[in-house]
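Peer 1: pasting the structure only:
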């Protein structure tokens, strides 16, 4: 039996239309097998991450959060034979937890870890009526009419439509099917030798038949009809995921939507319904200026002119947001928010970058805490005084 001696990895990472990879690979890596080892491992996570840029302007149709990855691995053996391996994937800047083990494989359609979504009424839901369940005294859960003709324009659910993802989503109000979105039919996977190529970040396998060569089509964002209270996502392995939608009419505070890059490397929305607090922190230096002036009558200085002049202002605005009373499964979502590298807040028809600054999270349960509210601190990710010149 021949033993592997060395292997060379040719790695292409790019965006845009699938298949239009650069002529030359971004990386060429060669490794020599150690004596007694039968496997050569290439770690590509950090290499791919450098090319996955997340941009979000508030337009859910123009989000960039993925990159195409193609590779060829040439394995050389001591009997002078060579075996090439090829593979393709679509990559996001996601991550797994320690408990998931090495290279956790994604088998999921809806790219969120919560099965309950809280949102606000859409403008089209004028005919809403309250059900009998209240979360708190000044918050009411509403259900919409059953026309199904309008959509929850404030609700966008990211769904992975690749091999291990979904091929349809069904939208219900109670037992009434309002609409079905299909993303294709069950498909055959593109495979790679996991003994040769490994990555700590999550890689999604691309389905060329589904996406018609457009990388953004692998991850779609569905917008449910306004009457939807339940979304059933059916995956290619015939498993299903059920997401309950709860529409909340906040009676006292102004709700704010925060978008952030979650564990799967995609933009997810989270509404904060309760109290908001803001503050500003200012730091500055100063210098001494010479105020002495000479005139025909002699030397003097003005009692009205400052000799200490402030300079180098740095102004940081921060805010504290409260979710309101929500389900305990949001322990995981708040943790992902705290771990995110990119987050934005929607304010006055604009989207501004923010940084979560809360550094600890006490896990809450309905058994111990009864009603669960999360408080998160943020800073705006820029200096309030414009220093961009």
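Peer 2: That came in fine, so what should we check first? Being a predicted model, the structure only gives us computed values, none of them experimental.
Peer 1: between the two ends of stretch 102-118, how far is it?
Peer 2: 33 Å (C-alpha to C-alpha, to the nearest Å).
Peer 1: cool, stretch 374-384 as well?
Peer 2: So stretch 374-384: terminal residues 27 Å apart, C-alpha to C-alpha.
Peer 1: just the mean pLDDT for the helix or strand where residue 5 lies, thanks.
Peer 2: Per DSSP states H and E: residue 5 is located in strand 4-14. When pLDDT is averaged along strand 4-14, the result is 95.
Peer 1: contacts for the following helix or strand past it, please.
Peer 2: Once the chain leaves strand 4-14, the next helix or strand it forms, by DSSP H and E, is strand 27-32. Around strand 27-32, the neighbours that count as contacts under C-beta atoms under 8 Å, 6 or more residues apart in numbering are 5-11, 13, 40-42, 44, 47. C-beta here means a position set from N, CA and C on the backbone, and glycine is covered the same way.
Peer 1: name every strand pairing with strand 27-32 and say which way it goes.
Peer 2: Counting by DSSP bridges, the strands paired with strand 27-32 are strand 4-14 (antiparallel).
Peer 1: ok, back up a step: how about the contacts of strand 27-32, which pair is most distant?
Peer 2: 5 and 13 (27.0 Å; C-beta to C-beta).
Peer 1: of those two, which one has the most company?
Peer 2: Ranked by neighbour count (other C-beta atoms under 10 Å), residue 5 and residue 13 place residue 13 first, with 22 against 14.
Peer 1: what's the separation between that one and residue 73?
Peer 2: 15 Å (C-beta to C-beta, to the nearest Å).
Peer 1: now residue 81
Peer 2: 14 Å.
Peer 1: same check, this time on residue 104
Peer 2: In terms of C-beta to C-beta, residue 104 sits 21 Å off from residue 73.
Peer 1: same thing with residue 88?
Peer 2: On the measure of C-beta to C-beta, residue 88 and residue 73 end up 13 Å apart.
Peer 1: where does the stretch 251-389 of the chain dip in pLDDT?
Peer 2: Residue ranges of the stretch 251-389 of the chain with pLDDT under 70: 389.
Peer 1: would you map the strands across it?
Peer 2: 256-261, 267-272, 276-288, 292-295, 298-301, 308-322, 343-347, 350-356, 375-380 (DSSP state E, counting those that start in this stretch).
Peer 1: which elements pack onto the fourth one?
Peer 2: By that I understand strand 292-295. If you count contacts as 3 or more C-beta pairs under 8 Å, 6 or more residues apart in numbering; DSSP states H and E, strand 292-295 packs onto strand 298-301.
Peer 1: and the strand it packs on, how far from the chain's centre?
Peer 2: 64 Å (C-alpha atoms, centre = their mean, to the nearest Å).
Peer 1: what bits of the stretch 51-200 of the chain have low per-residue confidence?
Peer 2: 123-150, 184-200.
Peer 1: again, only this time at 50
Peer 2: Low-confidence regions of the stretch 51-200 of the chain, defined by pLDDT under 50, span residues 124-149, 185-200.
Peer 1: can you list the strands that whatever helix or strand residue 117 lives in pairs with?
Peer 2: Secondary structure assignment for residue 117, by DSSP H and E: strand 116-119. Taking DSSP bridges as the criterion, strand 116-119 forms sheet pairs with strand 240-250 (parallel).
Peer 1: now the partner strand: mean pLDDT?
Peer 2: 94.
Peer 1: quick one: the nearest residue to residue 58 once chain neighbours are set aside from residue 259, how far?
Peer 2: Ranked by C-beta to C-beta, 6 or more residues apart in numbering and with sequence neighbours excluded, the top spatial neighbour of residue 58 is residue 351, at 3.9 Å. Distance, residue 351 to residue 259, by C-beta to C-beta: 7 Å.
Peer 1: pull up the overlap in contacts between these two.
Peer 2: Shared contacts of residue 351 and residue 259, defined by C-beta under 8 Å, 6+ apart, are found at 56, 344-345.
Peer 1: tell me which residues are up against stretch 288-298.
Peer 2: So stretch 288-298 is contacted by 299-302, 305-309 (C-beta under 8 Å, 6+ apart).
Peer 1: returning to that earlier point: who wins for most neighbours among the contacts of strand 27-32?
Peer 2: That'd be residue 7 among these, by other C-beta under 10 Å, with 24 neighbours.
Peer 1: which of residue 81 and residue 73 has more residues huddled nearby?
Peer 2: More crowded of residue 81 and residue 73, by other C-beta under 10 Å: residue 73, with 21 against 9.
Peer 1: and the more buried one, which helix or strand is it part of?
Peer 2: If you go by DSSP H and E, residue 73 is part of strand 66-77.
Peer 1: could you report the neighbour count for residue 348?
Peer 2: Residue 348: 6 neighbours (other C-beta under 10 Å).
Peer 1: and it, its phi and psi?
Peer 2: Backbone torsions of residue 348, given as degrees, to the nearest 10, read phi 50, psi 50.
Peer 1: how far away is it from residue 371?
Peer 2: 30 Å.
Peer 1: same question, residue 266
Peer 2: For residue 266 relative to residue 371 (C-beta to C-beta), the value is 30 Å.
Peer 1: neighbour count for these two, which is higher?
Peer 2: residue 266 (23 against 11).
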